[in-house]
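**Student:** no sequence on hand, only this structure:
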């Protein structure tokens with residue numbers, strides 16, 4: 001057991017050192033820098049919410065007149081139903097969105113990496129059983145299960161994180177497993193086996209750092225998807241009723257008649273918050289994909305279209321256009337002579 005934990009610590013240390021290098025590459029990437037800046041600003045708002053927000057939305061004594069329009073005192077006005085400051089709710093709502101998204105992303109990355117490395121390297125019966133479990137879990141509808149579990153065990157963000165983690169690791173485990181099947185036949189892994197290294201040492205010390213880039217991309221992209229899912233569940237009333245989130249703000253705005261009374265800012269504010277959080281993590285994930293696969297920079301849009309066409313054919317088309325069309329002079333066309 002002691003050897004297992006020492007190998008795991010060494011592997012995690014190697015993965016973390018690799019993550020530091022990835023972050024530097026990410027900062028030097030235009031897309032990644034934009035995503036990092038926005039994510040950092042959101043994180044600052046979430047951590048220092050009590051110092052940034054002018055009011056405490058949880059304190060009933062700080063509630064003011066209901067339905068106030070935006071002003072210097074209340075930049076986004078107040079709610080129609082409770083008189084809460086919408087700007088303060090927006091700042092505090094970042095906590096729930098970021099915590100649920102990031103914690104779920106990290107948890108799914110950890111579980112998916114562990115199961116993928118284990119099944120890919122060990123193989124045999126363990127590989128077969130885990131992959132069959134993955135096949136079963138991939139076809140289970142998450143939303144109905146979330147409704148049932150939240151009604152049985154109570155509505156909380158811990159339950160949402162648990163459900164998304166329980167069913168979110170399967171896709172990553174498949175990807176990591178396929179990568180491990182390649183890595184375990186590499187020369188350095190073979191050398192470690194011949195040197196007498198243990199199975200856990202090889203998995204955590206030599207193979208796990210080789211798939212760390214997959215974990216980073218998965219964490220970023222999964223976090224973005226979970227933020228949208230959390231907002232949707234909170235809008236449906238499946239989130240924690242005692243916590244303020246952007247999804248709950250949208251639900252309160254809809255039930256409070258924000259559109260009916262023309263208080264559009266009550267809806268736009270949390271919508272912008274959701275957009276910025278998802279946009280930032282998506283940019284980080286896309287930047288990571290381009291960093292690890294530089295060919296993706298040239299795999300979209302008109303560049304991809306023209307690169308797939310034959311340059312000689314394009315030149316021939318332009319020449320024929322200058323000579324009067326595909327059947328122009330000197331080409332034997334129908335209009336020649």
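**Tutor:** Cool, got the structure. Quantities reported herein were computed from a predicted structural model and do not represent experimental measurements.
**Student:** all helices of the stretch 201-337 of the chain, in order?
**Tutor:** 212-235, 246-255, 265-292, 301-308, 311-322 (DSSP state H, counting those that start in this stretch).
**Student:** now the stretch 1-150 of the chain
**Tutor:** 2-27, 30-47, 49-52, 86-122, 124-138, 142-153.
**Student:** so which of those is nearest residue 224?
**Tutor:** Using C-beta to C-beta as the measure, helix 86-122 is the one of those that comes nearest residue 224, at 7.1 Å. Just so you know, the C-beta spots here come from the backbone N, C-alpha and C atoms, and that holds for glycine as well.
**Student:** quick one: low-confidence parts of the stretch 151-300 of the chain?
**Tutor:** Residue ranges of the stretch 151-300 of the chain with pLDDT under 70: 293-300.
**Student:** cutoff 90 now
**Tutor:** 151-164, 166-245, 247-267, 269, 281-300 (pLDDT under 90).
**Student:** and among the helices of the stretch 1-150 of the chain, the most buried is which?
**Tutor:** helix 86-122 (a mean of 23; mean count of other C-beta atoms under 10 Å).
**Student:** and the spatially closest residue to residue 112 that is not a sequence neighbour, how many neighbours does it have?
**Tutor:** The spatial neighbour of residue 112 that comes closest, neighbours along the chain excluded (C-beta to C-beta, 6 or more residues apart in numbering), is residue 172 at 3.1 Å. Residues near residue 172, counting by other C-beta atoms under 10 Å, number 25.
**Student:** let me see the contact set for residue 172.
**Tutor:** If you count contacts by C-beta atoms under 8 Å, 6 or more residues apart in numbering, residue 172 has them with 108, 109, 112, 113, 116, 214, 215, 218, 222.
**Student:** again, 7 Å this time
**Tutor:** 108, 109, 112, 116, 218 (C-beta atoms under 7 Å, 6 or more residues apart in numbering).
**Student:** doesn't residue 213 make contact with the second one?
**Tutor:** Think residue 109. No - using C-beta atoms under 7 Å, residue 109 makes no contact with residue 213, being 11.5 Å away.
**Student:** which of the helices of the stretch 1-150 of the chain has the lowest mean pLDDT?
**Tutor:** In terms of mean pLDDT, the lowest-scoring of these is helix 2-27 (a mean of 60).
**Student:** and for the most centrally placed residue in the chain, nearest residue in space, chain neighbours not counted?
**Tutor:** For the chain, the residue nearest the mean C-alpha position is residue 221 (2.3 Å; C-alpha atoms, centre = their mean). Excluding the flanking residues, the one nearest residue 221 by C-beta to C-beta, 6+ apart is residue 285, at 4.0 Å.
**Student:** same check on residue 62?
**Tutor:** residue 55 (4.7 Å).
**Student:** against residue 270, how distant is the one you found?
**Tutor:** Distance from residue 55 to residue 270, counting by C-beta to C-beta, to the nearest Å: 16 Å.
**Student:** who has more neighbours out of the two?
**Tutor:** Shown here are residue 55 and residue 270; by other C-beta under 10 Å, residue 270 has more neighbours (28 against 20).
**Student:** quick one: residues contacting that one.
**Tutor:** 90, 93, 246, 249, 250.
**Student:** give me the distance between it and residue 54.
**Tutor:** Applying C-beta to C-beta to residue 270 and residue 54 gives a distance of 17 Å.
**Student:** quick check: domain ranges of this protein?
**Tutor:** With automatic domain parsing as the criterion, the domains of the chain are listed as 2-299, 304-337.
**Student:** what pLDDT, on average, does the shortest one get?
**Tutor:** The average pLDDT for domain 304-337 rounds to 46.
**Student:** hmm, back to that, so which of the helices of the stretch 201-337 of the chain is nearest residue 44?
**Tutor:** Of all those, helix 265-292 comes closest under C-beta to C-beta, at 12.7 Å.
**Student:** buried sites along the closest one?
**Tutor:** 265-266, 269-270, 273-274, 276-278, 280-291 (16 or more other C-beta atoms under 10 Å).
**Student:** how about stretch 61-69?
**Tutor:** Quick answer for stretch 61-69 (16+ other C-beta under 10 Å): 63, 67, 68.
**Student:** ok, so of those, who is nearest residue 208?
**Tutor:** For these, the nearest to residue 208 is residue 63 (50.5 Å; C-beta to C-beta).
**Student:** residue 82 is in contact with the closest one, correct?
**Tutor:** Yes - between residue 63 and residue 82 there is a contact under C-beta under 7 Å: 6.1 Å.
**Student:** now stretch 206-219: buried residues?
**Tutor:** 206-219.
**Student:** residue 160 touches residue 100, doesn't it?
**Tutor:** Yes - in this structure residue 160 lies within contact range of residue 100 using C-beta under 7 Å: 6.2 Å.
**Student:** now residue 81: phi and psi?
**Tutor:** Torsion angles at residue 81 (phi, psi; degrees, to the nearest 10) stand at phi -90, psi -40.
**Student:** what is the burial count for the residue nearest to it when sequence neighbours are not counted?
**Tutor:** Leaving aside its chain neighbours, residue 81 sits nearest to residue 256 (4.4 Å; criterion: C-beta to C-beta, 6+ apart). Neighbour count for residue 256, taken as other C-beta under 10 Å: 18.
**Student:** which residues touch residue 256?
**Tutor:** 79, 80, 81.
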